[in-house]
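1. Give me a model of this one.
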Amino acid sequence: MIARVVLARRAVEAIEQGLDPRTAAQTALAFLAQRTGGWAGLIVLNQHGQVGAAFNSARMTHAWWCSDMAEPTIIA
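-> Here you go, the predicted structure:
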């Protein structure tokens, strides 16, 4: 289902339209849910290194670590 709606491309298009990474991820997932009813999650980074994550499954453990961080951000 992720490939069917080209989920990553949807997120990139949202970034190109000026959305922040989290909103871009949420927008892409909303499209997936509307078109297929599928569940997924994704982590999106923009050209400034800002990170956003979203999922529509029961949960999605994810993490990221930037060079200016002492510890990674972990969401379990």
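
2. quick one, helices of the protein?
-> 7-16, 21-36 (DSSP state H).

3. What angle do helix 21-36 and the first one make with each other?
-> With axes from the mean of the first three to the mean of the last three CA atoms, to 10 degrees defining the directions, helix 7-16 sits at 130 degrees from helix 21-36.

4. Remind me what helix 7-16 packs against, helices and strands.
-> For helix 7-16, the packing partners by 3 or more CB pairs under 8 Å, 6 or more residues apart in numbering; DSSP states H and E come out as helix 21-36, strand 41-45. From N, CA and C alone the C-beta is placed, and that goes for glycine too.

5. Now do it: distance to the chain's middle.
-> 9 Å (CA atoms, centre = their mean, to the nearest Å).

6. Send over it as PDB, restricted to the C-alpha atoms.
-> What follows is the C-alpha trace of helix 7-16 in PDB, where atoms were taken according to Å, rounded to 0.1, in the frame of the first residue of the first chain:
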ATOM      1  CA  LEU A   7       4.100   7.700   0.200                       C
ATOM      2  CA  ALA A   8       7.600   9.100   0.300                       C
ATOM      3  CA  ARG A   9       6.900  11.300  -2.700                       C
ATOM      4  CA  ARG A  10       3.700  12.600  -1.100                       C
ATOM      5  CA  ALA A  11       5.800  13.700   1.900                       C
ATOM      6  CA  VAL A  12       8.400  15.400  -0.300                       C
ATOM      7  CA  GLU A  13       5.600  17.200  -2.100                       C
ATOM      8  CA  ALA A  14       4.300  18.500   1.200                       C
ATOM      9  CA  ILE A  15       7.800  19.700   2.200                       C
ATOM     10  CA  GLU A  16       8.100  21.500  -1.200                       C
END
